[in-house]
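**Q** predicted model follows, preceded by the sequence.
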Amino acid sequence: MEMFSNPSPVTMLVEGILALCFYLLPAIIAVVRRHPSRIAILVFNIVLGLTVFGWFVVLAAALVNSNRAYPLAQKRTKVPPSVGDKYF
């Protein structure tokens, strides 16, 4: 059991980086998916992430389909040319 009593600084650094990545996982997912609310998700992740409930709420917000957030912006309609466009 002596082996687990004093971890090396490298081990502590790697574990700290992994813990930080897990803590910021909702924000990382939002950035990778280019979620329209990725800045808000990052802020709420930092503020509310320490509570387990807040972390899961922010994770759910990051996983929501980002295309549904602005359905009208995704829809493209073809506008017919006006009559005058043929002659100019």
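**A** Thanks, I have it.
**Q** now do the same for the closest residue to residue 64 other than its chain neighbours: helix, strand or coil?
**A** Counting by CB to CB, 6 or more residues apart in numbering, residue 64 lies nearest to residue 35, which is 7.9 Å off, once chain neighbours are set aside. The C-beta positions use only the backbone N, C-alpha and C, and glycine is treated the same way. What DSSP: H, G, I helix; E, B strand; the rest coil gives for residue 35 is coil.
**Q** please tell me I have it right and residue 35 contacts residue 41.
**A** Yes: with contact defined as CB atoms under 8 Å, residue 35 and residue 41 form a contacting pair (6.4 Å).
**Q** please enumerate the shared neighbours of those two.
**A** The contact sets of residue 35 and residue 41 overlap at residue 62 (CB atoms under 8 Å, 6 or more residues apart in numbering).
**Q** run a quick neighbour tally on residue 26.
**A** The local packing of residue 26 (other CB atoms under 10 Å) involves 25 other residues.
**Q** distance of it relative to residue 34?
**A** With the distance defined as CB to CB, to the nearest Å, residue 26 ends up 14 Å from residue 34.
**Q** and what of residue 19?
**A** Relative to residue 34, and taking CB to CB, residue 19 is found at 26 Å.
**Q** quick one: which helix or strand includes residue 53?
**A** helix 52-63 (DSSP states H and E).
**Q** which parts of that helix are buried?
**A** Residues of helix 52-63 classed as buried: 55, 57-59, 61-62 (neighbour count, 16 or more other CB atoms under 10 Å).
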